[in-house]
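Undergrad: please work out how this folds:
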Amino acid sequence: MADKAVYAKMIAESAAAADADLGVIGKKRGGPFVFTDAKPYVDAVNGMKPGAGQSKEVFDLHVQSVNAHYDILTKIAVKGTIRPEDDPFVEHYQTPPILEILYDADPAFKASMWKFIDALAANKALLGREAARIYGGMYGPTCVVDFAFSTGSTSNVVNRILRGEFVPLNIPKDHARTILASKSWGMNTSYGVGAAFRGALESGKTAAEAEQAEVDMMQFIYREPTAAQTQIMATHNLGGHGGHTSFDTAEYMKQYKARMKPYVLAAVKAGVHPANIVTVPAYCVGDVGHHLGPATYNMFKDDMVFAIYEAVTRVFENTLKKGLEMDAYKSEWDLLSVATGSGACAVAYILWLDSFTVPMVIDLLLKRFHNYAVMHPDRGAADELHNVDFMDILKRGEYILDVEPKGKGAKIKKIPIDLSVIDKHEVIMNPQRYTYPACAITQRFAALMSLADYPCFLTTECVTATLMTNIIALTPGTPAAPARVDKGSAATDLLKRNVPYVKGFGAGAKGYSEWNVAI
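TA: Numbers count the residues shown, from 1 in each chain. I've put the predicted structure just below:
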């Protein structure tokens, strides 16, 4: 447990990052993006300093990664910008070089990784079965890059292999935890489990050939991470506009590796768990080129969508500060819970303003997913992942918002959530100004549906990244990722996958979820 001064610092640093992004988007929305637009966010990051009991080496992993990312992209990006089709991937170029630094620095870890790579082949049946279930929609909508262990996620499948569910794997637990973390909050390449299998089937290959393609790709991303990421980017074809063209991805990773190597080695020497070393540098860079990027600017052209983002940001900032005044925080983790929970509550409240309930939205998106899977069997592995995140936010938010004892009465950790920001917001409370004025009953819902594909601004990622770095810096020797909790997946409320009554091969005490048996 940290002291109150550290809690105050955590709130100030996370608010600085959030306000930097909000300020840039407010000024630039609807216009062209250039990487130098992200300088206010970089400045906010440079204000992050370790407090009492926090590891400087962990902060260096975060701060130096953001600076390296910004410096490299401002130099090598074509015309100083990035295509919308390339911007989702900017967070996926950090873990591959860092893994390769660790391979060179720790031969024992590399040997364990190579055993894991062999285990991927030995678990061909597991990989094929999970890929087929995801492809066919058996699991419903899935979050392939989930930061917990939800069914159908890459973390779920990797955990099964690492814990030797079907084929024994004898490697040190710390190595296994590092491997697991590298494909959760650490984003080792842009690949998501099942993509190669799906692509092979949809190109006319047999199921056996598709299964082998999945094994080959999973092995590739761990054996040669930077080469794999370069190949994935060269062939991604998002939106049908071809592979990555915004900058030389191999050159980026080469420069990034050189910039980060001394900080990675210093962290190893200082006793930072390698599972944290592969995650901290990745989750903090997305505001340079993605959350501050062309697609974001385009989405926030809409006044109501921007208003919701603005209001939700103020709700969690005010609620965090209120918790500090009340001495409500008993652990550093409480701040993360309050930041994300108050934001989720605010989103559910806005949904209620248009007389929609969360079960309505979950039902709608689940039904749409199954029709989408029928109409688009060649869908991308990530297509529905943010819909899943959005449903999870809403489910949690409605529980916090609802009246006691059914819910928490719009309180979290006994802190009243400041929803007055929404009630006083000129845009949100006047939807008649943005549609046919006499029939303005769906505008806020419509804006939320825009954010359903991009909910990163509802439980704001720069805030969670800043808070997570502060948390990890307090206990640097303990792996923080993936989250070893049952996060309460919204999709499984209506389709029961995470209960012991499911009958499929590989089911456990929590159905197909892995959180209770995380390594």
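
Undergrad: how does this structure divide into domains?
TA: 4-66+288-472, 92-283 (automatic domain parsing).

Undergrad: residue 491 is nearest to which of those domains?
TA: domain 92-283 (5.0 Å; Cβ to Cβ). No exception for glycine: its C-beta is placed from N, CA and C like everyone else's.

Undergrad: coming back round to it: for the domains of the chain, which one sits closest to residue 480?
TA: Using Cβ to Cβ, these put domain 4-66+288-472 closest to residue 480, at 5.0 Å.

Undergrad: show the end-to-end separation of the closest one, please.
TA: Criterion Cα to Cα, to the nearest Å; first-to-last residue distance in domain 4-66+288-472 is 17 Å.

Undergrad: what mean pLDDT does that domain have?
TA: Domain 4-66+288-472 shows a mean pLDDT of 97.

Undergrad: do the same with stretch 73-92
TA: 97.

Undergrad: what's next to that stretch, contact-wise?
TA: Contacts with stretch 73-92, where a contact means Cβ atoms under 8 Å, 6 or more residues apart in numbering, come from 32-36, 69, 187-190, 229, 233, 236, 238-239, 241, 244-248, 251-252, 255, 282-283, 285-286, 288-290, 293-295, 298, 382.

Undergrad: and the pLDDT for residue 124?
TA: 98.

Undergrad: which residues touch it?
TA: 211-212, 215.

Undergrad: for residue 488, same thing?
TA: 392, 395-396.

Undergrad: now, among the residues you listed, which is nearest to residue 439?
TA: Of the contacts of residue 488, the one sitting nearest to residue 439 (Cβ to Cβ) turns out to be residue 395, at 29.0 Å.

Undergrad: ok so, going back, any chance of the domains of the chain in CSV, plus distance to residue 519?
TA: CSV is the format used below for those (distance: least, Cβ to Cβ, whole Å):
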stretch, distance to residue 519
domain 4-66+288-472, 18
domain 92-283, 5
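
Undergrad: of all the ones you listed, which lies closest to residue 487?
TA: Here domain 92-283 is closest among the domains of the chain (Cβ to Cβ), at 4.7 Å.

Undergrad: ok so, going back, the contacts of residue 488 in helices, which ones?
TA: 392, 395-396 (DSSP state H).

Undergrad: got CSV for those, with neighbour count and distance to residue 122 too?
TA: Shown next, in CSV, are those (neighbours: other Cβ atoms under 10 Å; distance: Cβ to Cβ, whole Å):
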residue, neighbour count, distance to residue 122
392, 23, 33
395, 22, 37
396, 23, 38
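
Undergrad: please enumerate the strands of this protein.
TA: 411-412, 415-416 (DSSP state E).

Undergrad: what's the closest of those to residue 510?
TA: Of those, nearest to residue 510 by Cβ to Cβ is strand 411-412, at 25.0 Å.

Undergrad: who does the closest one touch, helix- and strand-wise?
TA: helix 332-353 (3 or more Cβ pairs under 8 Å, 6 or more residues apart in numbering; DSSP states H and E).

Undergrad: so who does the residue lying closest to residue 49 once chain neighbours are set aside touch?
TA: What sits nearest to residue 49 in space, not counting adjacent residues and going by Cβ to Cβ, 6 or more residues apart in numbering, is residue 59, at 6.9 Å. Contacts of residue 59 were listed using Cβ under 8 Å, 6+ apart, and they are 48-50, 469, 473.

Undergrad: list the contacts of residue 225.
TA: 95-97, 99-100, 188-189.

Undergrad: rebuild those residues as a markdown table, extending it with neighbour count, distance to residue 14 and pLDDT.
TA: Shown next, in a markdown table, are the contacts of residue 225 (neighbours: other Cβ atoms under 10 Å; distance: Cβ to Cβ, whole Å; pLDDT from 0 to 100):
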| residue | neighbour count | distance to residue 14 | pLDDT |
| --- | --- | --- | --- |
| 95 | 27 | 23 | 97 |
| 96 | 29 | 27 | 98 |
| 97 | 24 | 27 | 98 |
| 99 | 26 | 28 | 98 |
| 100 | 18 | 31 | 98 |
| 188 | 24 | 26 | 95 |
| 189 | 27 | 28 | 96 |
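
Undergrad: which member of those is positioned nearest residue 136?
TA: So of the contacts of residue 225, ranked by how close each gets to residue 136 (Cβ to Cβ), first place is residue 189, at 24.4 Å.

Undergrad: who wins on neighbours among the contacts of residue 124?
TA: Using other Cβ atoms under 10 Å as the neighbour criterion, residue 211 leads the contacts of residue 124 with 22 neighbours.

Undergrad: correct me, but it touches residue 126?
TA: No. At 10.2 Å, residue 211 does not count as touching residue 126 under the criterion of Cβ atoms under 8 Å.

Undergrad: gap between residue 206 and residue 377?
TA: 16 Å (Cβ to Cβ, to the nearest Å).

Undergrad: of the two, which one has the most company?
TA: Between residue 206 and residue 377, counting by other Cβ under 10 Å, residue 377 is the more crowded of the two (13 against 10).

Undergrad: now do the contacts for the closest residue to residue 419 other than its chain neighbours.
TA: Nearest non-adjacent residue to residue 419, counting by Cβ to Cβ, 6+ apart: residue 349, 5.4 Å away. Taking Cβ under 8 Å, 6+ apart, we find residue 349 in contact with 397, 401, 410, 419, 422.

Undergrad: any idea how far residue 14 is from the residue nearest to residue 49?
TA: 14 Å.

Undergrad: so for the longest helix anywhere in the chain, what gets flagged as buried?
TA: Assignment by DSSP H gives helix 4-28 as the longest helix of the chain. Using 16 or more other Cβ atoms under 10 Å as the burial criterion, the residues of helix 4-28 that qualify are 6-7, 9-11, 13-22, 24-25, 28.

Undergrad: residues contacting the residue lying farthest from the centre of the chain?
TA: Distance to the chain centre peaks in the chain at residue 438, reaching 39.3 Å (criterion: Cα atoms, centre = their mean). Listed by Cβ under 8 Å, 6+ apart, the contact set of residue 438 reads residue 432.

Undergrad: quick check: it vs residue 260, distance?
TA: Taken as Cβ to Cβ, the span from residue 438 to residue 260 is 57 Å.

Undergrad: can you check residue 103 too?
TA: 14 Å.

Undergrad: more crowded one of the two?
TA: residue 260 (23 against 17).

Undergrad: ok, now which ones touch the more buried one?
TA: 61, 64-65, 68, 94, 97-98, 101, 281.

Undergrad: just the closest of the residues you listed to residue 109, please.
TA: residue 101 (10.8 Å).

Undergrad: skipping its backbone neighbours, what lies nearest the closest one in space?
TA: Here the residue nearest residue 101, using Cβ to Cβ, 6+ apart, is residue 264, at 4.9 Å.

Undergrad: tally of neighbours for that neighbour?
TA: 26.

Undergrad: can you check residue 314 too?
TA: For residue 314, using other Cβ under 10 Å, the count is 21.

Undergrad: list the residues that contact the closest residue to it other than its chain neighbours.
TA: Closest residue to residue 314 apart from its sequence neighbours, by Cβ to Cβ, 6+ apart: residue 421 at 4.4 Å. Applying Cβ under 8 Å, 6+ apart to residue 421 gives the contacts 311, 314-315, 318, 346.

Undergrad: restricted to helices, list the residues you listed.
TA: Using DSSP H, the contacts of residue 421 in helices are 311, 314-315, 318, 346.

Undergrad: list just the nearest of those to residue 513.
TA: residue 346 (27.5 Å).

Undergrad: wait, what's in contact with the closest one?
TA: Contacts of residue 346 (Cβ under 8 Å, 6+ apart): 311-312, 315-316, 397, 417, 419, 421-422.

Undergrad: tally up the residues packed near the residue nearest to residue 298 when sequence neighbours are not counted, please.
TA: Distances taken as Cβ to Cβ, 6+ apart place residue 84 nearest to residue 298, at 7.0 Å, with adjacent residues excluded. When counting by other Cβ under 10 Å, one arrives at 19 neighbours for residue 84.
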